[in-house]
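>>> Kindly return the folded structure for what I paste below:
(2 chains)
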Amino acid sequence: MSEIETILRRAAEQLPAAAPDLGERAEAEGLLDVAYASVDSPLGPLVVAATPRGLVRVAYTDRSPPDDVLAELARRVSPRVLEAPARLDGVRRELDEYFAGGRREFETPVDWSQLAGFTRKILRATARIRFGDTSTYAGVATKAGSPRAVRAAGNALGANPVPVVVPCHRVLRTGGALGGYAGGSERKEFLLRLEGVLT
Amino acid sequence: MSVKLPPFQAVLDEHRVDVYRFLVATAGPTDADDVFQETWIAALRAYPRLRRADNLRAWLLRIAHNKAIDAHRARGRRALPMAEPPEQPVAAPVADGRPELWEHVRELPSKQRTAVFCRAVLGMSYAELAALLDSSEEAARRNVHEGLKRLRRELSE
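Have a look, this model is predicted:
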(Lines give C-alpha, C1' and ligand atoms only; values in the text may rest on other atoms or scores of the structure.)
Protein backbone atom coordinates (compact mmCIF):
# COMPACT_ATOMS: atom_id res chain seq x y z
CA MET A 1 0.00 0.00 0.00
CA SER A 2 1.38 3.38 -1.01
CA GLU A 3 1.97 6.22 1.42
CA ILE A 4 -0.94 8.27 0.12
CA GLU A 5 -3.29 5.31 0.63
CA THR A 6 -2.09 4.97 4.22
CA ILE A 7 -2.72 8.68 4.78
CA LEU A 8 -6.24 8.33 3.38
CA ARG A 9 -7.00 5.26 5.46
CA ARG A 10 -5.82 6.88 8.69
CA ALA A 11 -7.67 10.12 7.95
CA ALA A 12 -10.87 8.19 7.21
CA GLU A 13 -10.81 6.68 10.70
CA GLN A 14 -11.26 10.22 12.01
CA LEU A 15 -14.31 10.87 9.88
CA PRO A 16 -17.58 11.10 11.83
CA ALA A 17 -19.56 7.88 12.03
CA ALA A 18 -22.79 9.16 13.59
CA ALA A 19 -25.12 8.77 10.63
CA PRO A 20 -28.71 10.03 10.83
CA ASP A 21 -31.65 7.77 11.62
CA LEU A 22 -33.81 6.41 8.80
CA GLY A 23 -36.99 5.23 10.49
CA GLU A 24 -39.00 8.43 10.22
CA ARG A 25 -38.19 9.00 6.55
CA ALA A 26 -38.82 5.33 5.69
CA GLU A 27 -42.23 5.54 7.39
CA ALA A 28 -43.09 8.78 5.55
CA GLU A 29 -42.14 7.18 2.21
CA GLY A 30 -44.26 4.10 2.88
CA LEU A 31 -41.19 1.84 2.89
CA LEU A 32 -41.30 0.65 6.47
CA ASP A 33 -42.86 -2.76 5.86
CA VAL A 34 -41.81 -4.12 9.25
CA ALA A 35 -40.79 -1.92 12.20
CA TYR A 36 -39.42 -3.51 15.35
CA ALA A 37 -38.30 -2.49 18.82
CA SER A 38 -36.99 -4.07 21.99
CA VAL A 39 -39.08 -3.96 25.16
CA ASP A 40 -38.17 -4.92 28.70
CA SER A 41 -40.83 -6.81 30.61
CA PRO A 42 -41.17 -8.83 33.81
CA LEU A 43 -41.02 -11.86 31.51
CA GLY A 44 -37.63 -10.79 30.18
CA PRO A 45 -36.64 -8.83 27.10
CA LEU A 46 -39.08 -8.94 24.20
CA VAL A 47 -38.84 -8.03 20.53
CA VAL A 48 -42.05 -6.55 19.13
CA ALA A 49 -42.70 -5.94 15.43
CA ALA A 50 -45.51 -4.37 13.41
CA THR A 51 -46.51 -3.80 9.80
CA PRO A 52 -48.54 -0.70 8.86
CA ARG A 53 -51.64 -2.85 9.56
CA GLY A 54 -50.71 -3.96 13.03
CA LEU A 55 -48.69 -6.17 15.29
CA VAL A 56 -47.03 -9.24 13.71
CA ARG A 57 -44.67 -10.45 16.40
CA VAL A 58 -44.04 -10.51 20.12
CA ALA A 59 -41.01 -12.70 20.85
CA TYR A 60 -39.42 -13.89 24.07
CA THR A 61 -35.79 -13.39 23.13
CA ASP A 62 -34.47 -16.28 25.22
CA ARG A 63 -36.67 -18.65 23.22
CA SER A 64 -36.42 -16.82 19.88
CA PRO A 65 -33.13 -14.94 19.43
CA PRO A 66 -33.70 -11.52 17.82
CA ASP A 67 -31.62 -12.38 14.74
CA ASP A 68 -33.83 -15.40 14.08
CA VAL A 69 -36.99 -13.37 14.67
CA LEU A 70 -35.89 -10.69 12.19
CA ALA A 71 -34.74 -13.22 9.58
CA GLU A 72 -38.10 -14.95 9.85
CA LEU A 73 -39.98 -11.64 9.42
CA ALA A 74 -37.80 -10.80 6.40
CA ARG A 75 -38.76 -14.12 4.85
CA ARG A 76 -42.41 -14.26 5.86
CA VAL A 77 -43.48 -10.60 5.58
CA SER A 78 -40.91 -8.41 3.78
CA PRO A 79 -37.13 -7.89 3.82
CA ARG A 80 -37.76 -4.20 4.51
CA VAL A 81 -37.28 -4.69 8.25
CA LEU A 82 -36.00 -1.73 10.27
CA GLU A 83 -35.55 -0.93 13.93
CA ALA A 84 -38.03 1.94 14.22
CA PRO A 85 -39.49 2.12 17.73
CA ALA A 86 -41.95 4.95 16.99
CA ARG A 87 -44.47 2.59 15.36
CA LEU A 88 -44.34 0.37 18.43
CA ASP A 89 -44.94 3.16 20.96
CA GLY A 90 -48.59 2.15 21.43
CA VAL A 91 -48.02 -1.53 22.10
CA ARG A 92 -45.01 -0.81 24.30
CA ARG A 93 -47.09 1.49 26.47
CA GLU A 94 -49.94 -1.03 26.64
CA LEU A 95 -47.56 -3.83 27.59
CA ASP A 96 -46.10 -1.68 30.38
CA GLU A 97 -49.60 -0.92 31.68
CA TYR A 98 -50.66 -4.55 31.41
CA PHE A 99 -47.66 -5.82 33.36
CA ALA A 100 -48.16 -3.07 35.95
CA GLY A 101 -51.72 -4.35 36.49
CA GLY A 102 -53.43 -1.30 35.02
CA ARG A 103 -54.69 -2.73 31.74
CA ARG A 104 -57.00 -5.67 31.01
CA GLU A 105 -57.31 -5.39 27.24
CA PHE A 106 -54.99 -4.57 24.33
CA GLU A 107 -56.22 -1.99 21.87
CA THR A 108 -53.27 -2.19 19.52
CA PRO A 109 -54.37 -3.85 16.26
CA VAL A 110 -52.99 -7.23 15.20
CA ASP A 111 -52.11 -7.78 11.53
CA TRP A 112 -54.23 -10.89 10.97
CA SER A 113 -53.42 -10.92 7.26
CA GLN A 114 -50.08 -12.57 8.00
CA LEU A 115 -51.76 -15.69 9.43
CA ALA A 116 -53.04 -18.68 7.48
CA GLY A 117 -56.74 -19.63 7.65
CA PHE A 118 -57.06 -22.14 10.48
CA THR A 119 -54.41 -20.53 12.68
CA ARG A 120 -56.11 -17.19 12.20
CA LYS A 121 -59.49 -18.61 13.24
CA ILE A 122 -58.05 -20.21 16.36
CA LEU A 123 -56.13 -17.09 17.36
CA ARG A 124 -59.09 -14.82 16.70
CA ALA A 125 -61.21 -17.02 18.96
CA THR A 126 -58.43 -16.85 21.54
CA ALA A 127 -58.30 -13.07 21.30
CA ARG A 128 -61.93 -12.97 22.53
CA ILE A 129 -61.16 -14.71 25.86
CA ARG A 130 -61.37 -11.94 28.44
CA PHE A 131 -58.85 -11.03 31.12
CA GLY A 132 -59.49 -13.25 34.12
CA ASP A 133 -61.28 -15.93 32.08
CA THR A 134 -59.88 -19.11 30.57
CA SER A 135 -60.92 -21.57 27.89
CA THR A 136 -59.78 -25.01 26.77
CA TYR A 137 -58.21 -26.33 23.58
CA ALA A 138 -61.53 -28.00 22.77
CA GLY A 139 -63.41 -24.81 23.58
CA VAL A 140 -61.28 -22.71 21.26
CA ALA A 141 -61.51 -25.33 18.48
CA THR A 142 -65.31 -25.26 18.81
CA LYS A 143 -65.43 -21.47 18.71
CA ALA A 144 -63.25 -21.55 15.58
CA GLY A 145 -65.83 -23.83 13.94
CA SER A 146 -63.78 -27.05 14.05
CA PRO A 147 -64.80 -28.79 17.29
CA ARG A 148 -62.83 -31.93 16.51
CA ALA A 149 -59.57 -30.18 15.61
CA VAL A 150 -58.38 -30.05 19.21
CA ARG A 151 -54.82 -31.10 18.50
CA ALA A 152 -54.55 -28.70 15.55
CA ALA A 153 -55.85 -25.95 17.82
CA GLY A 154 -53.03 -26.75 20.24
CA ASN A 155 -50.50 -26.48 17.43
CA ALA A 156 -51.94 -23.17 16.25
CA LEU A 157 -51.74 -21.79 19.79
CA GLY A 158 -48.18 -23.03 20.13
CA ALA A 159 -47.29 -21.09 16.98
CA ASN A 160 -48.98 -17.88 18.16
CA PRO A 161 -46.67 -15.13 16.82
CA VAL A 162 -48.09 -12.50 19.18
CA PRO A 163 -48.26 -14.02 22.67
CA VAL A 164 -49.53 -11.90 25.60
CA VAL A 165 -51.43 -9.61 23.18
CA VAL A 166 -53.33 -12.59 21.74
CA PRO A 167 -53.72 -14.36 25.08
CA CYS A 168 -52.96 -17.99 24.28
CA HIS A 169 -51.95 -18.32 27.95
CA ARG A 170 -55.69 -18.28 28.77
CA VAL A 171 -56.20 -21.62 27.02
CA LEU A 172 -55.84 -24.58 29.39
CA ARG A 173 -56.30 -28.32 29.16
CA THR A 174 -59.75 -29.74 29.78
CA GLY A 175 -59.76 -30.62 33.47
CA GLY A 176 -57.69 -27.63 34.51
CA ALA A 177 -54.08 -28.65 33.82
CA LEU A 178 -52.09 -25.70 32.51
CA GLY A 179 -51.01 -27.26 29.23
CA GLY A 180 -48.02 -26.09 27.26
CA TYR A 181 -46.76 -22.62 26.42
CA ALA A 182 -44.25 -21.68 23.77
CA GLY A 183 -42.64 -19.22 26.17
CA GLY A 184 -42.32 -21.86 28.89
CA SER A 185 -44.86 -22.93 31.52
CA GLU A 186 -43.41 -20.59 34.18
CA ARG A 187 -44.42 -17.65 31.96
CA LYS A 188 -47.91 -19.05 31.49
CA GLU A 189 -48.22 -19.32 35.28
CA PHE A 190 -46.94 -15.78 35.74
CA LEU A 191 -49.53 -14.39 33.32
CA LEU A 192 -52.40 -16.37 34.83
CA ARG A 193 -51.37 -15.20 38.28
CA LEU A 194 -51.19 -11.58 37.05
CA GLU A 195 -54.76 -11.97 35.79
CA GLY A 196 -55.98 -13.51 39.04
CA VAL A 197 -56.76 -16.94 37.58
CA LEU A 198 -54.10 -18.64 39.67
CA THR A 199 -53.52 -17.62 43.23
CA MET B 1 -37.08 -18.66 -6.51
CA SER B 2 -35.82 -15.38 -5.14
CA VAL B 3 -32.78 -15.01 -2.92
CA LYS B 4 -33.03 -14.97 0.83
CA LEU B 5 -32.43 -11.35 1.68
CA PRO B 6 -31.30 -10.54 5.21
CA PRO B 7 -33.47 -8.10 7.19
CA PHE B 8 -32.63 -4.62 5.93
CA GLN B 9 -31.56 -3.51 9.40
CA ALA B 10 -28.70 -6.04 9.26
CA VAL B 11 -27.49 -4.52 5.99
CA LEU B 12 -27.75 -1.04 7.49
CA ASP B 13 -25.86 -2.08 10.64
CA GLU B 14 -23.08 -3.65 8.61
CA HIS B 15 -22.56 -0.84 6.09
CA ARG B 16 -23.86 2.40 7.59
CA VAL B 17 -20.49 3.66 8.82
CA ASP B 18 -18.68 2.90 5.54
CA VAL B 19 -21.43 4.62 3.54
CA TYR B 20 -21.52 7.61 5.86
CA ARG B 21 -17.76 8.12 5.83
CA PHE B 22 -17.72 7.69 2.08
CA LEU B 23 -20.27 10.49 1.81
CA VAL B 24 -18.55 12.82 4.27
CA ALA B 25 -15.39 12.34 2.23
CA THR B 26 -16.88 12.58 -1.27
CA ALA B 27 -20.06 14.70 -0.93
CA GLY B 28 -18.73 16.81 1.94
CA PRO B 29 -19.69 17.19 5.58
CA THR B 30 -22.49 19.67 4.82
CA ASP B 31 -24.37 17.40 2.42
CA ALA B 32 -23.45 14.05 3.96
CA ASP B 33 -26.55 13.68 6.17
CA ASP B 34 -29.00 14.42 3.35
CA VAL B 35 -27.21 12.29 0.80
CA PHE B 36 -26.95 9.48 3.35
CA GLN B 37 -30.73 9.48 3.77
CA GLU B 38 -31.29 9.66 0.01
CA THR B 39 -28.94 6.73 -0.47
CA TRP B 40 -30.51 4.47 2.11
CA ILE B 41 -34.09 5.33 1.17
CA ALA B 42 -33.28 4.48 -2.47
CA ALA B 43 -31.66 1.24 -1.31
CA LEU B 44 -34.64 0.37 0.90
CA ARG B 45 -37.01 1.02 -2.00
CA ALA B 46 -35.12 -1.27 -4.38
CA TYR B 47 -34.11 -3.90 -1.82
CA PRO B 48 -36.93 -6.48 -2.18
CA ARG B 49 -36.26 -6.70 -5.92
CA LEU B 50 -32.56 -7.50 -5.55
CA ARG B 51 -31.74 -10.78 -7.22
CA ARG B 52 -28.51 -11.41 -5.38
CA ALA B 53 -27.29 -10.54 -1.93
CA ASP B 54 -23.61 -11.38 -2.32
CA ASN B 55 -22.26 -7.93 -3.16
CA LEU B 56 -24.32 -5.54 -1.11
CA ARG B 57 -21.45 -3.21 -0.30
CA ALA B 58 -20.72 -2.45 -3.97
CA TRP B 59 -24.46 -2.06 -4.61
CA LEU B 60 -24.86 0.42 -1.73
CA LEU B 61 -21.77 2.43 -2.60
CA ARG B 62 -22.89 2.60 -6.19
CA ILE B 63 -26.14 4.21 -5.05
CA ALA B 64 -24.16 6.51 -2.74
CA HIS B 65 -21.79 7.40 -5.60
CA ASN B 66 -24.73 8.39 -7.81
CA LYS B 67 -26.46 10.35 -5.05
CA ALA B 68 -23.21 12.20 -4.29
CA ILE B 69 -22.98 13.20 -7.97
CA ASP B 70 -26.60 14.44 -7.85
CA ALA B 71 -25.80 16.50 -4.74
CA HIS B 72 -22.67 17.87 -6.38
CA ARG B 73 -24.69 19.03 -9.40
CA ALA B 74 -27.44 20.53 -7.25
CA ARG B 75 -24.84 22.40 -5.25
CA GLY B 76 -23.29 23.73 -8.49
CA ARG B 77 -26.69 24.97 -9.64
CA ARG B 78 -27.35 26.63 -6.31
CA ALA B 79 -23.93 28.26 -6.25
CA LEU B 80 -24.11 29.88 -9.72
CA PRO B 81 -26.73 32.61 -9.30
CA MET B 82 -25.29 33.80 -6.02
CA ALA B 83 -24.10 37.37 -6.61
CA GLU B 84 -22.49 37.91 -3.24
CA PRO B 85 -20.58 35.51 -1.10
CA PRO B 86 -22.52 34.24 1.91
CA GLU B 87 -22.01 36.31 5.02
CA GLN B 88 -20.87 33.38 7.04
CA PRO B 89 -17.96 31.39 5.77
CA VAL B 90 -18.95 27.83 5.01
CA ALA B 91 -19.63 26.10 8.32
CA ALA B 92 -16.46 24.83 9.86
CA PRO B 93 -16.12 21.22 8.81
CA VAL B 94 -16.82 18.77 11.59
CA ALA B 95 -13.73 17.29 13.15
CA ASP B 96 -12.80 14.91 10.37
CA GLY B 97 -9.08 14.58 10.77
CA ARG B 98 -7.75 16.13 7.60
CA PRO B 99 -10.40 18.37 6.04
CA GLU B 100 -7.96 19.69 3.41
CA LEU B 101 -7.20 16.15 2.30
CA TRP B 102 -10.89 15.45 1.66
CA GLU B 103 -11.24 18.76 -0.16
CA HIS B 104 -8.61 17.54 -2.59
CA VAL B 105 -10.45 14.23 -2.89
CA ARG B 106 -13.69 16.08 -3.66
CA GLU B 107 -11.98 17.98 -6.48
CA LEU B 108 -11.19 14.74 -8.31
CA PRO B 109 -13.46 13.59 -11.15
CA SER B 110 -16.32 11.59 -9.62
CA LYS B 111 -15.11 8.14 -10.65
CA GLN B 112 -11.59 8.78 -9.40
CA ARG B 113 -12.97 10.16 -6.14
CA THR B 114 -15.03 7.04 -5.52
CA ALA B 115 -12.30 4.71 -6.74
CA VAL B 116 -9.67 6.25 -4.47
CA PHE B 117 -11.87 6.07 -1.37
CA CYS B 118 -13.16 2.55 -1.98
CA ARG B 119 -9.73 1.19 -2.76
CA ALA B 120 -7.59 3.00 -0.19
CA VAL B 121 -10.05 3.23 2.71
CA LEU B 122 -12.44 0.31 2.23
CA GLY B 123 -9.87 -2.03 0.69
CA MET B 124 -12.11 -3.03 -2.23
CA SER B 125 -10.82 -5.43 -4.86
CA TYR B 126 -10.72 -4.15 -8.42
CA ALA B 127 -13.49 -6.61 -9.28
CA GLU B 128 -15.75 -5.11 -6.58
CA LEU B 129 -14.82 -1.62 -7.65
CA ALA B 130 -15.55 -2.46 -11.28
CA ALA B 131 -19.02 -3.67 -10.26
CA LEU B 132 -19.55 -0.45 -8.34
CA LEU B 133 -18.43 1.81 -11.20
CA ASP B 134 -20.05 -0.37 -13.87
CA SER B 135 -16.72 -0.49 -15.67
CA SER B 136 -14.00 -2.99 -16.50
CA GLU B 137 -11.46 -3.93 -13.85
CA GLU B 138 -8.85 -2.25 -15.99
CA ALA B 139 -10.80 1.01 -15.96
CA ALA B 140 -11.30 0.71 -12.20
CA ARG B 141 -7.57 0.24 -11.73
CA ARG B 142 -6.88 3.27 -13.93
CA ASN B 143 -9.29 5.44 -11.92
CA VAL B 144 -7.52 4.51 -8.69
CA HIS B 145 -4.12 5.12 -10.23
CA GLU B 146 -4.99 8.48 -11.78
CA GLY B 147 -6.78 9.67 -8.66
CA LEU B 148 -3.91 8.77 -6.35
CA LYS B 149 -1.40 10.35 -8.71
CA ARG B 150 -3.28 13.61 -8.73
CA LEU B 151 -3.74 13.61 -4.97
CA ARG B 152 -0.05 12.96 -4.42
CA ARG B 153 0.78 15.89 -6.67
CA GLU B 154 -1.63 18.24 -4.96
CA LEU B 155 -0.54 17.29 -1.46
CA SER B 156 3.12 17.84 -2.28
CA GLU B 157 2.49 21.36 -3.52
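>>> Residue ranges in chain B under the pLDDT threshold?
For chain B, the stretches flagged by pLDDT under 70 are B:1-2, B:79-97.
>>> For chain A, give me the ranges with low pLDDT.
For chain A, the ranges with pLDDT under 70 are A:1.
>>> Now with 50, please.
For chain A, applying pLDDT under 50 flags no range at all.
>>> That one: helices as residue ranges?
Using DSSP state H, the helices of chain A run over residues A:3-13, A:23-28, A:66-76, A:89-99, A:117-127, A:137-143, A:150-158, A:185-194.
>>> What of chain B?
In chain B, the segments counted as helices under DSSP H are B:8-26, B:32-46, B:56-79, B:99-106, B:110-120, B:126-133, B:137-156.
>>> what's the most buried one of those?
helix B:110-120 (a mean of 25; mean count of other C-beta atoms under 10 Å in any protein chain shown). C-betas here are computed from N, CA, C, even on glycine.
>>> Look up how far residue B:147 lies from residue B:111.
As judged by C-beta to C-beta, to the nearest Å, residue B:111 and residue B:147 stand 8 Å apart.
>>> Now residue B:44: closest residue in space that isn't a chain neighbour?
residue A:31 (4.9 Å; C-beta to C-beta, 6 or more residues apart in numbering or on different chains).
>>> I figured that neighbour hits residue A:80, correct?
Yes. Residue A:31 is within contact range of residue A:80, at 5.9 Å (criterion: C-beta atoms under 8 Å).
>>> What residues does the residue most central in space within chain A make contact with?
In chain A, the centroid-proximal residue (C-alpha atoms, centre = their mean) is residue A:58; its distance is 1.2 Å. By C-beta atoms under 8 Å, 6 or more residues apart in numbering or on different chains, the residues touching residue A:58 are A:46-48, A:161-165.
>>> taking these one by one, which sit in strands?
Of the contacts of residue A:58, the ones assigned to strands by DSSP state E are A:46-48.
>>> Chain B: which of those is nearest?
residue A:47 (11.5 Å; C-beta to the nearest C-beta).
>>> What residue in chain A comes nearest to chain B?
Closest point on chain A to chain B, by C-beta to the nearest C-beta, is residue A:14, at 2.8 Å.
>>> Relative to residue B:36, how far out is that residue?
On the measure of C-beta to C-beta, residue A:14 and residue B:36 end up 18 Å apart.
>>> again, but for residue A:8
Taking C-beta to C-beta, one finds residue A:8 at 20 Å from residue B:36.
>>> before we move on, what about residue B:112?
22 Å.
>>> Residue A:9 now?
Counting by C-beta to C-beta, the gap from residue A:9 to residue B:36 is 21 Å.
>>> Kindly report the same for residue B:126.
26 Å.
>>> do the same with residue B:47
16 Å.
>>> Now do the domain split for chain A, please.
By the record's domain assignment, chain A is partitioned as A:23-99, A:115-194 (automatic domain parsing).
>>> so which of those domains gets nearest residue B:28?
Each of those has some distance to residue B:28 by C-beta to C-beta; the shortest is domain A:23-99, at 20.4 Å.
>>> Quick one: end-to-end length of that closest one, please.
The separation between the terminal residues of domain A:23-99, taken as C-alpha to C-alpha, to the nearest Å, is 28 Å.
>>> again with stretch B:41-51
18 Å.
>>> Show residues contacting it.
Taking C-beta under 8 Å, 6+ apart as the rule, stretch B:41-51 contacts A:22, A:25-26, A:29, A:31, A:78-80, A:82, B:2-3, B:5, B:8, B:11, B:59-60, B:63, B:67.
>>> can you do 7 Å?
With C-beta atoms under 7 Å, 6 or more residues apart in numbering or on different chains as the test, stretch B:41-51 has contacts from A:25-26, A:29, A:31, A:78-80, B:3, B:5, B:8, B:60, B:63, B:67.
>>> before we move on, what about stretch A:38-51?
A:33-37, A:55-62, A:66, A:69, A:73, A:77, A:87-88, A:91-92, A:95, A:99, A:111, A:187, A:190.
>>> same deal with stretch B:17-30?
Contacts for stretch B:17-30 (C-beta under 7 Å, 6+ apart): A:12, A:15-17, A:19, B:32, B:35-36, B:39, B:60-61, B:64, B:68, B:71-72, B:91, B:93-94, B:96, B:102, B:105-106, B:113-114, B:117, B:122.
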